[in-house]
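**Student:** Build the 3D model from these lines:
(one chain, ligands or ions: 2)
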Amino acid sequence: MKGEAVRTIAVLNQKGGVGKTTTVANLSAALAMQGLKVAVLDLDPQAHLTIHFGVDADKDGNGAYNVLIKSADLSQALINVRGNLWLLSANIDLVGAESELVSVVGRETILREAVESMVESFDYLIIDCPPSLGLLTLNALAAVKEVLIPVQPHFLALQGFGKLLQTVSLVGRRINPELKISAILLCMFDTRVTLSSEVKADIENFLESARATESPWSQARVIPVHVRRNIKLAEAPSYGKTIFEYEPKCNGSIDYEHIADYVHNYMGVDSKDDEFLASIAEEIDELDSTLASVDEEIEAARAAQTTAVEELVEAPAPALAEAAPTRLGPIGRSKRRIVSVATPSARRLPVRRPFAVALRK
Ligand SMILES: Nc1ncnc2c1ncn2[C@@H]1O[C@H](COP(=O)(O)OP(=O)(O)O)[C@@H](O)[C@H]1O
Ligand SMILES: [Mg+2]
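**Tutor:** Ligands and ions are numbered 1, 2, ... in the order given. This is a model prediction of the structure:
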């Protein structure tokens, strides 16, 4: 991409906790590791992105506030956080910026003007938006050409989606005609939960129905790799590390590396998804076979557990009282609670609730 125009991307969803910050941190780190020059802008007063890169938000987090409110020079305000990677930091002062901006003329385009002055020195400019559709988000949308929407596929995933699209549409019409939604990224995807696939299908159908329209999402795609649920991604920020520094071989690292590849080489390019999938076909096959073997292990564990329970039921009463607590994992009250059961290999595997209920009978 070097030598070509800079890519400007806002990572946006007015819902909190869907994976925006995790995506900005690790996507930008992956791109920077490829030798691309990347600037990331933290526009969330919660400053999670700033903290994720190990920057002290209280002490050094007023970058975004100074640029938006005090007309500070953006290139001067950027902090070099890694090789090829620069951060416009945030802290809680940004809460004030939202109301202070209200009375400023041209309040939605302050960031765009700041960005225009320095953007040519970068290959990527990626903005982590706050979980709201207020003035900070409008500034982000006015300053970029592409929007990437992370979605967490649970049963309220698409609630508020209409409002989000309306906002992008409005900014597109009024302030930024080049604005397009490039992609939807499914985060914390759980391959074992049918709902994840249902949400994905819903979004794909919706996007298909918009193909022939003039809407900013008419070319949007669901990125064909998802970010799997991976605890390492949740642990890395508290060490101020990207996933590649914290656990370079985990699923989270693999997923974000593929996503960076997709964003860099395929996103926004019509019907290149097949080519992308072909490029990672081998790894997908490997994954499929790993999943199949995990399925087998779970099946074996279930069978063993059923046999164990049958033996217990047939055993005399004292044996049942002694053995039951060690055999059965904790069984909670919540319907969605995941319990674990002992497996033959002494590993503990998650088993979904209906099975636990069956065990209880
Ligand atoms: N794929 C994942 N697997 C497990 N935890 C994740 C994953 N992605 C994000 N998280 C965790 O979920 C929480 C919300 O993610 P975050 O990126 O902060 O969302 P947002 O910026 O949209 O509020 C964070 O604690 C983060 O570490
Ligand atoms: Mg966030």
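**Student:** So the closest residue to ligand 2 within the chain, which state does it fall into?
**Tutor:** Going by C-beta to the ion, ligand 2 is nearest to residue 21 of the chain, at 3.3 Å. From N, CA and C alone the C-beta is placed, and that goes for glycine too. Under DSSP: H, G, I helix; E, B strand; the rest coil, residue 21 falls in the helix class.
**Student:** Make sure it is actually in contact with residue 44.
**Tutor:** Yes. Here residue 21 reaches residue 44: they are 7.1 Å apart, a contact under C-beta atoms under 8 Å.
**Student:** shared neighbours of the two, which are they?
**Tutor:** Common contact partners of residue 21 and residue 44 (C-beta atoms under 8 Å, 6 or more residues apart in numbering): residue 128.
**Student:** can you tell me the average pLDDT over the longest helix along the chain?
**Tutor:** In the chain, taking DSSP state H as the definition, the longest helix is helix 281-314. Regarding helix 281-314, the rounded mean pLDDT is 79.
**Student:** Could you pull out the buried residues of it?
**Tutor:** 298, 301, 302, 305, 308, 309, 312 (16 or more other C-beta atoms under 10 Å).
**Student:** How about the contacts made by residue 239?
**Tutor:** 54, 246.
**Student:** try 7 Å this time
**Tutor:** residue 246 (C-beta atoms under 7 Å, 6 or more residues apart in numbering).
**Student:** The one 3 residues further on now?
**Tutor:** Contact criterion C-beta under 7 Å, 6+ apart gives 25, 26, 29, 236 as the residues in contact with residue 242.
**Student:** And for the closest residue to it other than its chain neighbours, the neighbour number?
**Tutor:** Leaving aside its sequence neighbours, residue 242 sits nearest to residue 29 (C-beta to C-beta, 6 or more residues apart in numbering; 3.9 Å). Neighbourhood size, residue 29 [other C-beta atoms under 10 Å]: 27.
**Student:** ok so, going back, other SSEs contacting the longest helix of the chain?
**Tutor:** helix 317-327, strand 348-351, helix 353-360 (3 or more C-beta pairs under 7 Å, 6 or more residues apart in numbering; DSSP states H and E).
**Student:** ranking the ones you listed by mean pLDDT, which is last?
**Tutor:** Looking at the helices and strands packed on helix 281-314, the bottom one is helix 353-360 with a mean of 35.
**Student:** so residue 42 touches residue 127, yeah?
**Tutor:** No. Counting by C-beta atoms under 7 Å, residue 42 does not reach residue 127; the two are 8.3 Å apart.
**Student:** Test my guess that residue 53 contacts residue 78.
**Tutor:** No. The criterion here is C-beta under 7 Å, and residue 53 misses it with residue 78 at 11.9 Å.
**Student:** Quick check: residue 153 vs residue 227, distance?
**Tutor:** 11 Å (C-beta to C-beta, to the nearest Å).
**Student:** mind listing what residue 185 touches?
**Tutor:** For residue 185, counting by C-beta under 7 Å, 6+ apart, the contacting residues are 23, 148, 150, 223, 227, 259.
**Student:** Please tell me the pLDDT value assigned to the third one.
**Tutor:** Per-residue pLDDT puts residue 150 at 97.
**Student:** Next secondary structure after whichever helix or strand residue 127 is part of?
**Tutor:** Residue 127 belongs to strand 124-128 when assigned by DSSP states H and E. From strand 124-128 onward toward the C-terminus, using DSSP H and E, the following helix or strand is helix 135-143.
**Student:** which helices and strands sit right next to that following helix?
**Tutor:** Helix 135-143 is packed against strand 7-11, helix 94-101, helix 110-116, helix 161-174, with contacts defined by 3+ C-beta pairs under 7 Å, 6+ apart.
**Student:** can you pull the buried residues of the third one?
**Tutor:** Translated: helix 110-116. Counting neighbours by 16+ other C-beta under 10 Å, one finds that the buried residues in helix 110-116 are 110, 111, 112, 114, 115.
**Student:** can you redo the residues you listed as JSON lines with pLDDT and distance to residue 163?
**Tutor:** As requested, those are exported to JSON lines (pLDDT from 0 to 100; distance: C-beta to C-beta, whole Å):
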{"residue": "110", "pLDDT": "96", "distance to residue 163": "24"}
{"residue": "111", "pLDDT": "97", "distance to residue 163": "22"}
{"residue": "112", "pLDDT": "97", "distance to residue 163": "22"}
{"residue": "114", "pLDDT": "96", "distance to residue 163": "27"}
{"residue": "115", "pLDDT": "96", "distance to residue 163": "25"}
